[in-house]
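S.K.: quick check, what structure comes out for this input:
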Amino acid sequence: MDRRNFLVAAAATATATAVLSRPGVAVSAQSETSVATPAAKGPLLKAVKYSMVGVKGTLAEKFAAVKGAGFVGIDMDARVPDKNEVVEAAKSTGLKVHGVVDYDHWSQPLSSPSAEVRAKGLAALEESLHDAKLYGGDTVLLVPAMVNKSISYEDAYKRSQIEIRKAIPLAKELGIKILFENVWNNFLLSPVECARYIDEFDSPLIGSYFDVGNIVNYGWPEHWIRTLGHRIGKIDIKEFSRTKANSQGKGAGFGVEIGDGDCDWPAVLTALKDVGFSGWATAEVGGGGEDRLKEISTRMDKIFSTWNA
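M.R.: Residues are numbered from 1 along each chain as shown. You can find the predicted model right below:
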């Protein structure tokens with residue numbers, strides 16, 4: 001995409017945003033790039049990130065503690081010394097490793113101006129895809145790009161798409177989806193743009209790993225969910241307090257327990273139902289030992305209580 005076409009596309013996104021703001025206008029819920037399969041009132045499967053597990057011991061002991069706390073899955077967000085130990089721990093405990101979080105997307109961004117850094121980032125994505133397959137998962141969570149003073153929005157957009165497209169053949173071979181997480185990376189700042197970015201790959205293996213709490217500082221999760229719709233493959237669960245963010249600094253907004261912040265969980269669940277979502281809902285909050293994991297599980301049960309209502 002050259003600069004002229006990029007600017008034309010950006011203008012089209014702005015126009016689409018204006019159109020979507022009109023009453024009665026919505027993004028189509030049907031596309032060949034569909035990720036989530038509509039399934040009314042399907043289950044929400046509770047999981048945690050591996051880095052949240054503060055239980056000491058072997059991987060099998062950690063996995064057993066997670067399952068004992070009421071979770072049915074785990075998302076591996078760190079490399080481990082022995083990858084086969086993950087496979088054995090999942091087998092012995094029955095805890096499902098449903099995916100992998102790309103290991104180096106922050107340190108080796110695919111939007112970097114350095115070809116060497118981008119190559120390392122692509123290698124990390126490929127490693128993550130292989131690990132997801134080995135562990136029995138079906139997704140890799142990826143932060144696709146970052147924008148900062150030295151990386152322009154336009155360059156981040158183009159570079160990241162070029163690099164990610166290189167990984168799609170491997171993702172297809174392994175049967176693993178690449179899902180983009182919405183984070184504070186100064187990139188894909190509206191749901192309309194995010195949907196367009198995903199659709200431009202024209203692949204059923206590309207979608208959204210929607211983080212509910214990450215949106216609250218500058219938007220409403222339920223709005224994003226309705227726009228992203230079928231593109232959402234999995235969701236991350238965390239909370240955010242606008243009050244804390246306004247009084248103590250933006251990052252402080254995450255310093256609140258699930259259910260005690262400004263996420264409108266009934267509205268979020270309604271939106272998820274309306275777009276046909278079901279599947280993995282993974283906590284991404286401060287973890288700890290068995291008691292802390294049980295507390296997180298209980299809090300998730302509470303906010304999910306209206307799912308089958």
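S.K.: center of this protein - which residue?
M.R.: residue 209 (2.6 Å; CA atoms, centre = their mean).
S.K.: helix/strand/coil for it?
M.R.: strand (DSSP: H, G, I helix; E, B strand; the rest coil).
S.K.: OK, contacts around it?
M.R.: By CB atoms under 8 Å, 6 or more residues apart in numbering, the contact set of residue 209 is 139, 141-142, 179-181, 232-236. For glycine as for every other residue, the C-beta is placed from the backbone atoms N, C-alpha and C.
S.K.: how near is residue 275 to residue 201?
M.R.: 19 Å (CB to CB, to the nearest Å).
S.K.: sorry, wrong one. I was asking about residue 137.
M.R.: Look at residue 137 and residue 201: by CB to CB, they are 20 Å apart.
S.K.: so the two - more neighbours on which side?
M.R.: Using other CB atoms under 10 Å as the criterion, residue 137 and residue 201 rank with residue 137 on top: 24 against 17.
S.K.: hmm, that one is touching residue 95, no?
M.R.: No. Checked against CB atoms under 8 Å, the pair residue 137 and residue 95 is beyond contact range at 11.8 Å.
S.K.: for this protein, just list every one of the helices.
M.R.: 3-20, 59-68, 83-93, 115-135, 153-174, 191-199, 212-215, 221-228, 242-248, 265-274, 290-303 (DSSP state H).
S.K.: reformat those as a markdown table; add mean pLDDT and mean neighbour count.
M.R.: Converted to a markdown table, the helices of the chain look like this (pLDDT from 0 to 100; neighbours: other CB atoms under 10 Å):
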| stretch | mean pLDDT | mean neighbour count |
| --- | --- | --- |
| helix 3-20 | 47 | 13 |
| helix 59-68 | 98 | 20 |
| helix 83-93 | 98 | 16 |
| helix 115-135 | 99 | 19 |
| helix 153-174 | 99 | 18 |
| helix 191-199 | 98 | 21 |
| helix 212-215 | 97 | 22 |
| helix 221-228 | 98 | 22 |
| helix 242-248 | 95 | 14 |
| helix 265-274 | 97 | 19 |
| helix 290-303 | 98 | 17 |
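S.K.: of all those, which one is nearest residue 75?
M.R.: Comparing the helices of the chain against residue 75 with CB to CB, the closest turns out to be helix 115-135 (9.8 Å).
S.K.: what's that closest one in contact with?
M.R.: 76, 83, 86-87, 90, 97, 99-105, 108-112, 138-140, 142, 159, 163-164, 166-167, 170-171, 174-176, 178.
S.K.: got the angle between it and helix 153-174?
M.R.: 30 degrees (axes from the mean of the first three to the mean of the last three CA atoms, to 10 degrees).
S.K.: re the thing from before, let me have the contacts of residue 209 in CSV, extended by distance to residue 216.
M.R.: Compiled in CSV, the contacts of residue 209 are given as follows (distance: CB to CB, whole Å):
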residue, distance to residue 216
139, 23
141, 19
142, 22
179, 20
180, 18
181, 15
232, 17
233, 21
234, 18
235, 14
236, 13
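S.K.: list just the nearest of the residues you listed to residue 50.
M.R.: Nearest member of these to residue 50, counting by CB to CB, is residue 141, at 12.0 Å.
S.K.: check whether that closest one really touches residue 99, as I assumed.
M.R.: Yes. Taking CB under 8 Å as the definition, residue 141 is a contact partner of residue 99 at 6.4 Å.
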